[in-house]
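In: turn this into a structure:
(one chain, ligands or ions: 1)
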Amino acid sequence: MPKSAERSSRTLVEASVAELSARAWRLIDGAQAVMADLDGCLAADNQPLPGAAEFVARVGARLVVASNNSTHTATELAALLASRGLSIAPRQFVLAGELAVGEVARQWPEARLMLLGSPAMRDAARAAGLRLVSGEPDVVLVARALQATVADLQDAVAALHHGARLVVANPDLSHPGENGLPRIETGALLTLLRAVLPGLPAQVVGKPEPTMFRAALAMTGADAGRAVMLGDNPTTDVAGARRIGMQTIRLRAAAAPEGPPNTP
Ligand SMILES: [Mg+2]
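Out: Numbering: from 1, shown residues only. Predicted coordinates:
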């Protein structure tokens, strides 16, 4: 079979985790590691979707939830989902916000860090030993900063204009909220910064970048070729996982729009 056909055969398209085909289950049951997106796959607006609890129970310890969430810590998100009936251990999450904090701490442990993000992300940065500053940073980290003001964004523009590095937790412009309401995501802040500073370079950590998939694989010890990724977003979940050689299952029945990706 030509290589392109062989590659395209790696993506199964399925309705939802509640209605996986026997072929999909064979792939999942035979995988060393199973990565799953959260929003639109196992939950919507952090409310468990039908079939998610059964899926999580069947996959067991092989599961890693790989989410571009840059608001919560894994501990917070696990507790929130458990309170709504979906029990996944905090150690089974890789989240773009926490991962971005970890990447900054690993690459620039002494950096002065300007962090646009939730109180939980600021706590995570302090816990990682990073020094949070409001001016003259070496690194600007952008997460989903619902509390950020335009003045905060102006401070980030000034820092980046003067040469600070930019790290962005995820490139998503929006994620679907209740009743399909688009919620502003981290990538929309990147788009704003790039509107003011055209060509601004950024290190993006979340899906579809390989950093997140490699972190998820490292948690399980699995090779990419023995791992499968389930997700609803063809651009971030499917294309990102395939880029590093994982098998993929795309779920259709999600609130996330298909068509143009929700990434810049
Ligand atoms: Mg999704």
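
In: for Val133, give its distance to the ion.
Out: In this view, Val133 and the ion are 33 Å apart by C-beta to the ion, to the nearest Å. Yep, even glycine has a C-beta here, placed from its N, CA and C like the rest.

In: again, but for Thr11
Out: 15 Å.

In: number of nearby residues for that residue?
Out: Neighbour count of Thr11, defined by other C-beta atoms under 10 Å: 16.

In: ok, now which ones touch the residue nearest to it when sequence neighbours are not counted?
Out: Residue nearest to Thr11 in three dimensions, not counting chain neighbours: Thr248, with 4.6 Å by C-beta to C-beta, 6 or more residues apart in numbering. By C-beta atoms under 8 Å, 6 or more residues apart in numbering, the contact list for Thr248 reads 10-12, 228-231, 237-238, 241-242.

In: relative to Met114, which of the residues you listed is nearest.
Out: Using C-beta to C-beta, the shortest approach to Met114 within the contacts of Thr248 belongs to Asp237, at 29.8 Å.

In: now the residue positioned nearest the centre of the chain: how far from the ion?
Out: Nearest to the geometric centre of the chain sits Asn68, at 1.8 Å (C-alpha atoms, centre = their mean). Remark: distance between Asn68 and the ion (C-beta to the ion) = 8 Å.

In: hmm, back to that, do the one helix or strand the residue nearest to Thr11 maps to and the ion meet at all?
Out: For Thr248, the host element (DSSP states H and E) is strand 247-251. No: for strand 247-251, no contact with the ion is found by C-beta under 5 Å from the ion; the gap never falls below 8.4 Å.

In: would you mark the buried spots in that strand?
Out: Using 16 or more other C-beta atoms under 10 Å as the test for burial, strand 247-251 gives 247-251.

In: show me the helices in the stretch 1-150 of the chain, by range?
Out: 3-8, 22-30, 52-59, 74-83, 96-107, 119-127, 150-161 (DSSP state H, counting those that start in this stretch).

In: quick one, the third one and helix 22-30 angle?
Out: This means helix 52-59. If you take axes from the mean of the first three to the mean of the last three C-alpha atoms, to 10 degrees, helix 52-59 sits at 50 degrees to helix 22-30.

In: relative orientation of helix 52-59 and helix 74-83 in degrees?
Out: Going by the same axes, to 10 degrees, helix 52-59 makes 120 degrees with helix 74-83.

In: buried stuff in helix 52-59?
Out: 52-53, 55-56, 59.

In: what's the burial count for the residue in the stretch 101-250 of the chain that the ion sits nearest to?
Out: With C-beta to the ion, the shortest gap between the stretch 101-250 of the chain and the ion falls at Asp232, namely 4.4 Å. Neighbour count of Asp232, defined by other C-beta under 10 Å: 23.

In: correct me if wrong: it contacts Leu251.
Out: Yes: the pair Asp232 / Leu251 is scored as a contact, 4.7 Å apart, by C-beta atoms under 8 Å.

In: what residues do the two have in common as contacts?
Out: 40-41.

In: how is the chain partitioned into domains?
Out: 3-95+207-251, 97-204 (automatic domain parsing).

In: ok, back up a step: compute the inter-axis angle for the strand holding Thr248 and helix 22-30.
Out: Using the same axes, to 10 degrees: strand 247-251 against helix 22-30 is 130 degrees.

In: mind saving the C-alpha coords of strand 247-251 as PDB?
Out: The C-alpha trace of strand 247-251 is given here as PDB (Å, rounded to 0.1, in the frame of the first residue of the first chain):
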ATOM      1  CA  GLN A 247      -2.200   6.100  15.800                       C
ATOM      2  CA  THR A 248      -5.300   8.200  16.100                       C
ATOM      3  CA  ILE A 249      -9.000   8.000  16.600                       C
ATOM      4  CA  ARG A 250     -11.000  11.100  15.800                       C
ATOM      5  CA  LEU A 251     -14.400  11.500  17.500                       C
END
